[in-house]
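Asks: Here is my input, please return the structure:
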Amino acid sequence: MRIKWVHFPLHPDTPMEGRSLADLFAGRGYDIPKMAAQMRARMEAEGLPYGDRSMTYNSRLAQELGAWADTQPGGEAIHDALFRAYFVDGKNIGDVETLIGIAKAVGLPADAAREALEKRTFKEAVDADWEKSHAYGVTGVPTFVAGRHGLVGAQPYEALEQLVTQSEA
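Replies: Numbering: from 1, shown residues only. Below you'll find the predicted structure:
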């Protein structure tokens, strides 16, 4: 089985400097601390770190960096690094300098990462991913697709295992 990242425009109107979660969810009746605690518990159950985020950031450039990194030897490491930067460390993944630092930290060439971001070399690839995710009917992240089956949201390992098994049947 091959894994392919397909990017999705979650809150694409978020300004590059970010937006507080309180502002993002204002008036929707969400209990943000409760939601964060539930996510933290899910992550801990899988042995994954999760920080105390209070901000959301525009992920468009991070997605373009991820698409570029996938073309580089060892580039798959960028996905875990971006996850950690955003969900654990609360870094602004819409900031070019932050993204270049993340690329460099996983052994990718900083100059090439900067060029890909500044020239928007992978803009069309991410645009195509956004179109594909809309065509699939994706409404949230993460969404996992295997064969003709899908699963939305952070899921326990067993649910992902069942999805893969189901797709192979």
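Asks: Domains in this protein, by residue range?
Replies: Under automatic domain parsing, the residue ranges defining each domain of the chain are 19-136, 139-169.
Asks: Pull up the distance across the first one, start to finish.
Replies: End-to-end distance for domain 19-136: 28 Å, by Cα to Cα, to the nearest Å.
Asks: chain center to that domain, what's the gap?
Replies: 4 Å (Cα atoms, centre = their mean, to the nearest Å).
Asks: hey, least reliable of the domains of the chain by pLDDT?
Replies: Least confidently modelled of those is domain 139-169, at a mean of 85 by mean pLDDT.
Asks: Now that one: buried residues?
Replies: For domain 139-169, burial by neighbour count (16 or more other Cβ atoms under 10 Å) applies to 143-146, 151, 155, 163. Bear in mind the C-beta positions are built from the backbone N, C-alpha and C, glycine included.
Asks: right, so the domains of the chain: which one is the most enclosed?
Replies: Each of those was scored by mean neighbour count; the highest is domain 19-136, a mean of 16, by mean count of other Cβ atoms under 10 Å.
Asks: could I get the domains of the chain as a markdown table with distance to residue 10?
Replies: Shown next, in a markdown table, are those (distance: least, Cβ to Cβ, whole Å):
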| stretch | distance to residue 10 |
| --- | --- |
| domain 19-136 | 7 |
| domain 139-169 | 5 |
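Asks: now the strands for the protein?
Replies: In the chain, the strands defined using DSSP state E lie at 19-20, 55-56, 143-146, 149-152.
Asks: for those strands, which one sits closest to residue 47?
Replies: Closest approach to residue 47 among the strands of the chain (Cβ to Cβ): strand 143-146, 18.7 Å.
Asks: Can you tell me which of the buried residues of domain 139-169 is nearest residue 60?
Replies: Sorting the buried residues of domain 139-169 by distance to residue 60 puts residue 143 at the head of the list, at 17.8 Å, by Cβ to Cβ.
Asks: Specify the beta-bridge partners of that closest one.
Replies: Note on residue 143: beta-bridge partners by DSSP bridges are residue 152.
Asks: Report the contact partners of it.
Replies: Applying Cβ atoms under 8 Å, 6 or more residues apart in numbering to residue 143 gives the contacts 8, 133, 136, 150-153.
Asks: just residue 148 next, same as before
Replies: For residue 148, the contacting residues are residue 167, by Cβ under 8 Å, 6+ apart.
Asks: could you measure it against residue 157, distance?
Replies: If you measure residue 148 against residue 157 using Cβ to Cβ, to the nearest Å, the figure is 22 Å.
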